[in-house]
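> Here is the input, now give the coordinates:
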Amino acid sequence: MTEQRPLLMARFLGGFRVTVDDVAVDTGPRRRARQMLAYLLANRRAPVPRDVLADTFWPDAEPEAARNNLHVTLSYIRRALRAAHPGVAVERRFEAYRIAGTATIWTDVEQFARHRSDGAQADRHGDRSAAMRDYEAACQLYDGDFLADDPYAEWAVPVREAVRLDVIDVHARLVEWYVEQRALGPATMLARRLLEIDPCNEAAHQRLMWCYAATGQRHLALSQYHRLVELLWKSLRVPPSARTTELFRELCHPRPERGTRLAS
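Here you go, the predicted structure:
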């Protein structure tokens, strides 16, 4: 009977956590070990050359000192993984390192990307229901920025920005679809969440204003406009677009014979 491989789960979104068969991998106070474990997992598809690791984590050190630091840190990572499960390790291939293929590895970043890709493909094929299911699953995985608890890790910055743009896109698409379906509760909730991620997203402010107005909360819609004005001026020194201002004026003087038109 074939022995089942351990399941290593790595969560990057909102903060870095690793478990093996539900046992936490504890790197203790070693911040560099924690960062390198994250790096190896985020780049797990191919072995990472030794020099790349050394340059990433000790860019200013002499080559010999960087290699010594690397070996010490890798030893610490190996012990932490082995403490969680003896079948999980970091392996060396020539002058490169990777998480050994003895474990099944799941990461929230890869799962998010898979749901986003599947959702986009379903949308292209005209299957809106399937697209929404995948996008909703992607949104549920997002607990915050990539390595949010380690904001100064330089190697993570481009990954963080790329994931953030993808997250904004998925949330925005869902908000649009919810509004089209007049699912105002989910649209309102997701628009608020989108604005937590991207506070100056004017389209999300528009949708939220419209949702408030459509549910009889005109005072909240007007307040949302004023909040947008303040945010845009403080952050970008620009006023709202003409379409947003037009929506605001319609809300200030609603016509009873017709609903408020959604700015687009």
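> only C-alpha atoms for contact and neighbour calcs from this point on.
OK.
> where do the helices sit along the protein?
31-42, 50-57, 63-84, 108-124, 128-141, 157-180, 184-197, 202-214, 218-236, 242-252 (DSSP state H).
> Which of the ones you listed sits closest to Tyr97?
Checking the helices of the chain against Tyr97 by C-alpha to C-alpha gives helix 50-57 as the closest, at 6.9 Å.
> Throw the helices of the chain into CSV and include mean neighbour count and distance to Leu13, thanks.
Shown next, in CSV, are the helices of the chain (neighbours: other C-alpha atoms under 10 Å; distance: least, C-alpha to C-alpha, whole Å):
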stretch, mean neighbour count, distance to Leu13
helix 31-42, 19, 12
helix 50-57, 17, 21
helix 63-84, 17, 21
helix 108-124, 18, 7
helix 128-141, 18, 8
helix 157-180, 17, 9
helix 184-197, 18, 13
helix 202-214, 23, 22
helix 218-236, 16, 25
helix 242-252, 17, 32
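> right, and those helices - which one's nearest Arg92?
Smallest distance to Arg92 across the helices of the chain (C-alpha to C-alpha): 9.3 Å, for helix 50-57.
> Show me what the closest one is in contact with.
Arg32, Met36, Pro63, Ala66, Arg67, Leu70, Glu95, Ala96, Tyr97, Trp155 (C-alpha atoms under 8 Å, 6 or more residues apart in numbering).
> report the angle between the axes of it and helix 31-42?
Compare the direction of helix 50-57 with that of helix 31-42 by axes from the mean of the first three to the mean of the last three C-alpha atoms, to 10 degrees and you get 130 degrees.
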